[in-house]
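[1] 3D, please:
(2 chains)
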Protein chains: 2
Amino acid sequence: MVKIYYQGVPGAYSHQMAEIVNNFLWWNNETIGLFSFKDIFDSLKGTDDLWVIPIENSYAWSVHQNLYLMRDYDIKIIWEYYLPVHHCLAAKRKTISEISKVYSHPQALMQCEEFLKKYNLKWIPFGDTAWAAKYISESENDEGIWCICSEYAARIYWLNIIAKNINDQKNNTTRFLIITSSKDRKLSLKEKKGTLIFRVKDQPAILFKCLWAFATRSINLTKIESIPSKKGFFEYMFWIDYILPNDIKILEDAIEELWFFTTEIKDLGKYGQLGLN
Amino acid sequence: MVKIYYQGVPGAYSHQMAEIVNNFLWWNNETIGLFSFKDIFDSLKGTDDLWVIPIENSYAWSVHQNLYLMRDYDIKIIWEYYLPVHHCLAAKRKTISEISKVYSHPQALMQCEEFLKKYNLKWIPFGDTAWAAKYISESENDEGIWCICSEYAARIYWLNIIAKNINDQKNNTTRFLIITSSKDRKLSLKEKKGTLIFRVKDQPAILFKCLWAFATRSINLTKIESIPSKKGFFEYMFWIDYILPNDIKILEDAIEELWFFTTEIKDLGKYGQLGLN
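    Numbers count the residues shown, from 1 in each chain, chains lettered A, B, ... in the order given. This next block holds a predicted model:
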């Protein structure tokens, strides 16, 4: 039995992700929501526990801080998962009133902008979708107070679902990474991708030189992002995700070459996709 | 006189940025806060008006949606600015009580985590820093209700500043871009950087080939980011910022070569840094 951490309150999309991991591990575990990213990293240390992190797309606001923490803590990515994001409109009482207001995270409100405008609904930005659901489920004056949250959150807080899948972009997904600080966790999924963070030397065309190591070996990259290193104002780090080549020696050679152009490389691990094989 | 739009309520960091632009343009303009990004893009169309957008760092949650809108709308970047982010702790009444709670945007709360833990303060995630300041300034039961916001927001809502510059990372900055849809706006600042968005052809090592065009011409890149194109699930676009070469012909050659490896290139403009010359 392990602990599966997520950031937020029960009903958050991250909680839903934690339960998917729990399901994959035969439901024998505890899912725990914490507010602070740093607390979760500290809790992971020296354990076999897991953490699900949203890394791309809708909830992109959490990314940068996580990138820094993933650089600074001793952790590995073990799985990834693409979670479909379907917002719903929910309320304690179904009655519509003239003073109806919709509470939700600003990002979720904007993702449902067309829907909200069509029905001329007023919105109130709130800290979190699930927290908005919790808030309206606990409010005594429940007339005309609605929220946008996941169906999962609506069920957890016993709210009525008024409309389903109201986000403007129907194929909205969030990519999650599942990480651990344990060195010998068994993976049981075929590794397909990997992630590296590196800090480059201060030379002309340095990123180009770094990518050379991958391009000449036909290693495909699926994500690249420059991140201010925070150590020097104009000093950059890079985050790259790559498709694992069949022959691991090819990857090792690429990383050996990469060292020539970098001052620091952190291997965040190789991982499979949960739900696929 | 032009309108300078920002996303959020008065006192937001984006509002502060809008006033800096207003100052630069001799205070002869109106700054307007709107909630929806899309509304701002629609308002800009066919006018001489401006919009200040946070693009990197602390408030990274707004980025992705803006990237898509900047791809789809006919706009140009005209300036950039690095705004220092200094959070303060503010309240209507200075008295400390045992039930004190701190309201703020989740990101701001996390940026002040060490401070909050040191003084053992409870936090409540809210939609926005300035909105939290507005909320506590309007609340009747004002005992023990605090917020984390900019000093600017604290002044606007007549709050007492209890502690200044409480963010854990003292050199916290947010990069803003100032954009317009006007074709003939005079820039009056020396252009130093530029931004391109492009969609690559489906070929091996395609990003490497694209960067070749810049590397072989000694054009330095200051930011690179891959973005899912939303048109196909595994199709990627790239956002790059480059340092403008002295000879514009060199840049034009690079872009001509870039066309060979891309299906779409959008030039988001060349721009100077506000406050520098």
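[2] quick one: the strands in the stretch 151-277 of chain A?
    A:160-163, A:173-180, A:193-200, A:221-228, A:236-243, A:262-273 (DSSP state E, counting those that start in this stretch).
[3] looking at the ones you listed, which one is packed in the most?
    Mean neighbour count (mean count of other C-beta atoms under 10 Å in any protein chain shown) peaks for strand A:173-180 among the strands of the stretch 151-277 of chain A, with a mean of 22. Heads up, the C-betas are built off the backbone N, CA and C, glycines and all.
[4] helix/strand/coil for the spatially most central residue of chain A?
    Centroid check for chain A by C-alpha atoms, centre = their mean gives A:Pro54 as the closest residue, at 0.5 Å. Per DSSP: H, G, I helix; E, B strand; the rest coil, the secondary structure class of A:Pro54 is strand.
[5] how near is it to chain B?
    According to C-beta to the nearest C-beta, to the nearest Å, A:Pro54 and chain B sit 11 Å apart.
[6] quick one: find the helix or strand in chain A with the lowest mean pLDDT.
    Every helix and strand of chain A was ranked by mean pLDDT, DSSP states H and E. The lowest is helix A:63-72, at a mean of 72.
[7] mean pLDDT for the strands of the stretch 151-277 of chain A: which is lowest?
    Set side by side, these give their lowest mean pLDDT on strand A:221-228, at a mean of 82.
[8] packing partners of that strand?
    Using 3 or more C-beta pairs under 8 Å, 6 or more residues apart in numbering or on different chains; DSSP states H and E, the elements in contact with strand A:221-228 are helix A:63-72, helix A:206-215, strand A:236-243, strand B:221-228.
[9] gap between that strand and the chain center?
    16 Å (C-alpha atoms, centre = their mean, to the nearest Å).
[10] thought A:Trp100 was touching A:Trp146?
    Quick fix: residue A:100 is Ser, not Trp. Yes - between A:Ser100 and A:Trp146 there is a contact at 6.0 Å, judged by C-beta atoms under 8 Å.
[11] now list whatever residues contact both of these two.
    Shared contacts of A:Ser100 and A:Trp146 (C-beta atoms under 8 Å, 6 or more residues apart in numbering or on different chains): A:Leu121.
[12] who's more crowded, the two?
    A:Trp146 (28 against 16; other C-beta atoms under 10 Å in any protein chain shown).
[13] in three-state terms, label that one for me.
    At A:Trp146 the chain is in strand, as set by three-state DSSP.
[14] sorry, back to before: reformat the helices and strands packed on strand A:221-228 as CSV; add distance to A:Ile4.
    As requested, the helices and strands packed on strand A:221-228 are exported to CSV (distance: least, C-beta to C-beta, whole Å):
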stretch, distance to A:Ile4
helix A:63-72, 17
helix A:206-215, 33
strand A:236-243, 23
strand B:221-228, 26
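[15] enumerate the residues of the stretch 101-250 of chain A near chain B.
    Residues of the stretch 101-250 of chain A lying near chain B by C-beta under 8 Å from any C-beta of the partner chain: A:105-107, A:109-110, A:113, A:123-128, A:131, A:169, A:171, A:204-205, A:207-209, A:211-212, A:214-216, A:218, A:220-226, A:228, A:230, A:233-234, A:236.
[16] okay, and the closest residue to A:Tyr103 other than its chain neighbours sits in which element?
    Using C-beta to C-beta, 6 or more residues apart in numbering or on different chains and skipping residues adjacent in sequence, the residue nearest A:Tyr103 is A:Ala132, 4.1 Å away. Using DSSP states H and E, A:Ala132 sits in helix A:129-138.
[17] who's in contact with the residue nearest to A:Tyr103?
    Counted by C-beta under 8 Å, 6+ apart, A:Ala132 has contacts A:103-105, A:126, A:147-149.
[18] again, only using 7 Å
    Neighbouring residues of A:Ala132 by C-beta atoms under 7 Å, 6 or more residues apart in numbering or on different chains: A:103-104, A:126, A:147, A:149.
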